[in-house]
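any chance you could fold what I've pasted below:
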Amino acid sequence: MWVPNFPITVVSAVVASAGAVCIFKDMYGGPAFDHSVRADGKTVIVTGANTGIGKEVAWEFAKRGAKVFMACRDLEKCEEVRRDIVLETKNKFVYCRPCDLASLASVRDFVAMFKSEEPKLHVLVNNAGVMEPPEPLTRDGFEPQLGVNHLGHFLLTNLLLDTLKASAPSRVVIVAASAHYRGKINKQDLNMTQTKDKTSAYAQSKLANVLFARELGRRLLDSNVAVIAVDPGLTDTSLTRHMSMMKSVTRFLIYPIFWPFMKKPKTGAQVILHAALHDKMDTCAGDYYV
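Numbering: from 1, shown residues only. A predicted model of the protein is given here:
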């Protein structure tokens, strides 16, 4: 009588299932942006470019021939990534510059430094973000998620508008998130000192991103500066590192459940590249892409 080898059967089933999940994960992420599209002659700023999606975006721009300015708070980590990008892409025009979006003074210093070095700016990618950080306030007294995710980028963009207009056609890409659907602008208490609800504060900051994109797009209609808001989708980055569930054993239960649906940072970066480089995005005025 033939008796099936159950251990081998079980292992085979597990391996097959794991392979199927990996294939699904890659398909779920969607296709990569057209590799043939170049960025030669373009000057690009990417905030939060030393990790996650921002790192992949900076890498892709460098690979496509752009001059890339990595605007980062942690210059040591930025330099490590910059070195790797230059070595792989053979593009020496990749630079680290200090920019702490939690400090309006730092944003102003970054812009002053950039303008002293560069006459042109073709793409500004407002990518950096925080989620439920431990700090109660930014240096300027703002709720940190609103301060970093929106206000720091708001100031950065407005200080660079003259350069963007002078470099037109140019683009502003604002990285938003689906959390904006749950957001509400708390006009009476922007810092949410009454509720201290970090989840709602994050949603508020993401709604502010989308509203900013819409209004900025409206104001720049005749300037040949396109404004695009993008949602990379659920992506496996360090953004959630401060969340309480990620600091407990709960993460070992939650992470495996969401893993098949989480994009790799390189995959999440594709929507930003699409918004920044696709020739049909020139007339966007606050449009929202997922």
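
which residue ranges of the protein form strands?
43-47, 67-72, 94-98, 123-126, 170-175, 225-230, 285-289 (DSSP state E).

residues contacting residue 103?
Listed by Cβ atoms under 8 Å, 6 or more residues apart in numbering, the contact set of residue 103 reads 138-140, 152. Every residue, glycine included, has its C-beta placed from N, CA and C.

most widely separated two among the residues you listed?
Across the contacts of residue 103, the longest distance by Cβ to Cβ is 10.5 Å; it joins 139 and 152.

need the overlap of contacts for the two.
Joint contacts of residue 139 and residue 152 (Cβ under 8 Å, 6+ apart) are 102-104.

now render the strands of the chain as a markdown table, adding distance to residue 53, mean neighbour count and mean pLDDT.
Shown next, in a markdown table, are those (distance: least, Cβ to Cβ, whole Å; neighbours: other Cβ atoms under 10 Å; pLDDT from 0 to 100):
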| stretch | distance to residue 53 | mean neighbour count | mean pLDDT |
| --- | --- | --- | --- |
| strand 43-47 | 9 | 28 | 98 |
| strand 67-72 | 13 | 28 | 98 |
| strand 94-98 | 17 | 19 | 98 |
| strand 123-126 | 10 | 28 | 98 |
| strand 170-175 | 7 | 27 | 98 |
| strand 225-230 | 10 | 26 | 98 |
| strand 285-289 | 14 | 18 | 96 |
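
including distance to residue 273, could the ones you listed go into a markdown table?
What follows is the strands of the chain, written out as a markdown table (distance: least, Cβ to Cβ, whole Å):
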| stretch | distance to residue 273 |
| --- | --- |
| strand 43-47 | 11 |
| strand 67-72 | 13 |
| strand 94-98 | 16 |
| strand 123-126 | 10 |
| strand 170-175 | 9 |
| strand 225-230 | 10 |
| strand 285-289 | 11 |
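
so what's residue 232 up against?
Counting by Cβ under 8 Å, 6+ apart, residue 232 makes contact with 53, 175, 177, 263, 268-269, 271-272.

low-confidence ranges in the chain?
Residue ranges of the chain with pLDDT under 70: 1-6, 9-28, 235-262.

of all residues in it, which one is nearest the centre?
Note on the chain: the residue nearest the mean C-alpha position is residue 127, at 3.2 Å, using Cα atoms, centre = their mean.

my read is that that residue contacts residue 176, right?
No. Here residue 127 does not reach residue 176: they are 10.6 Å apart, not a contact under Cβ atoms under 8 Å.

and the helices in the stretch 51-200 of the chain?
Along the stretch 51-200 of the chain, the stretches classed as helices by DSSP state H, counting those that start in this stretch are 52-63, 75-89, 104-117, 144-146, 153-166, 198-219.

nearest to residue 98, of these?
Of all the helices of the stretch 51-200 of the chain, helix 75-89 sits nearest to residue 98, with 5.6 Å by Cβ to Cβ.

got the buried residues for the closest one?
Of the residues in helix 75-89, 78, 81-82, 85-86, 89 count as buried by neighbour count, 16 or more other Cβ atoms under 10 Å.

pipe those residues into JSON lines and attach distance to residue 188 per row.
Output for the buried residues of helix 75-89, formatted as JSON lines (distance: Cβ to Cβ, whole Å):
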{"residue": "78", "distance to residue 188": "38"}
{"residue": "81", "distance to residue 188": "41"}
{"residue": "82", "distance to residue 188": "43"}
{"residue": "85", "distance to residue 188": "45"}
{"residue": "86", "distance to residue 188": "49"}
{"residue": "89", "distance to residue 188": "49"}
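
for those residues, which one is nearest residue 146?
residue 78 (24.1 Å).

straight-line length of stretch 58-77, end to end?
Criterion Cα to Cα, to the nearest Å; first-to-last residue distance in stretch 58-77 is 14 Å.

neighbouring contacts of stretch 283-290?
171, 176, 178, 210, 213-218, 220-221, 226-231, 233, 271, 274-275.

fine by me, we can end here.
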